[in-house]
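*Asks:* coords please:
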Amino acid sequence: MQFDISSIPIYMIYALGGVLIFLVVWIIGLERKVKKFTYGKNGKSLEDSIMTIKGDLNDLEKFRKDMEEYLTQVEKRLRRSTQGIETIRFNPFKGAGQGGNQSFATAFLDENGDGLVISSLYARERVSIFSKPIKKYVSEFELSEEEKKAIDSAKKKLK
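*Replies:* Residues are numbered from 1 along each chain as shown. Down below sits the predicted model:
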């Protein structure tokens with residue numbers, strides 16, 4: 001049994017030739033890409049590039065960790081900062097007509113409900129000022145209605 005090339009259909013020969021040409025073009029393209037990728041004075045330049053990229057990646061990772069720590073600290077400080085402030089003005093001497101709405105109660109609260117409430121009572125002869133500490137929206141000292149309103153209004157601003 002002898003192989004005869006004339007027994008192969010011509011379209012099969014053309015198809016194999018086309019595949020062969022395609023593969024040669026593809027290999028030439030890959031060769032160009034590899035040469036472009038490894039371009040440099042020697043093989044060491046590729047290794048240097050990879051090491052530089054690795055160093056930059058390590059620096060970026062360290063920077064990310066530092067930023068996470070910094071933002072965590074900022075978030076903790078922000079929670080302790082005064083964020084809810086509300087002032088209620090009132091007249092403590094409703095019937096006497098003295099003082100008008102010159103008296104006030106102002107609440108200063110952080111996100112945890114800690115802070116203070118400052119209130120003043122204004123009369124012609126004198127001004128009295130009071131300060132009461134607040135822990136979790138509650139004071140150990142008795143609060144006036146206006147002070148409670150100021151705390152409630154400041155609490156609503158925090159949400």
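
*Asks:* longest helix in this structure, by residue count?
*Replies:* Across the chain, the longest stretch assigned as helix under DSSP state H is helix 43-80.

*Asks:* which parts of this protein are helices?
*Replies:* Going by DSSP H, the chain shows helices at 10-37, 43-80, 145-157.

*Asks:* now, of the ones you listed, which is deepest in the fold?
*Replies:* helix 145-157 (a mean of 18; mean count of other C-beta atoms under 10 Å). (C-beta placed from N, C-alpha, C; glycine too.)

*Asks:* name the helices or strands packed onto it?
*Replies:* For helix 145-157, the packing partners by 3 or more C-beta pairs under 8 Å, 6 or more residues apart in numbering; DSSP states H and E come out as strand 84-90, strand 103-109, strand 115-122.

*Asks:* tell me which residues are up against it.
*Replies:* Helix 145-157 has contacts (C-beta atoms under 8 Å, 6 or more residues apart in numbering) with 83-88, 90, 103-109, 113, 115, 117, 119, 132, 134, 137, 139, 143.

*Asks:* mind doing that once more with 10 Å?
*Replies:* 82-90, 92, 103-110, 113, 115, 117-119, 121, 130, 132, 134, 137-139, 141, 143-144 (C-beta atoms under 10 Å, 6 or more residues apart in numbering).

*Asks:* and the helices of the chain: which comes nearest R126?
*Replies:* R126 sits nearest to helix 145-157 of all the helices of the chain, at 18.4 Å, using C-beta to C-beta.

*Asks:* what's the angle from the longest helix of the chain to helix 10-37?
*Replies:* Put simply, helix 43-80 runs at 70 degrees to helix 10-37, going by axes from the mean of the first three to the mean of the last three C-alpha atoms, to 10 degrees.

*Asks:* hang on, the earlier thing: buried deepest among the helices and strands packed on helix 145-157, which one?
*Replies:* strand 103-109 (a mean of 22).

*Asks:* for that one, which strands pair with it and how are they oriented?
*Replies:* Sheet pairing for strand 103-109, assigned by DSSP bridges, gives strand 84-90 (antiparallel), strand 115-122 (antiparallel).
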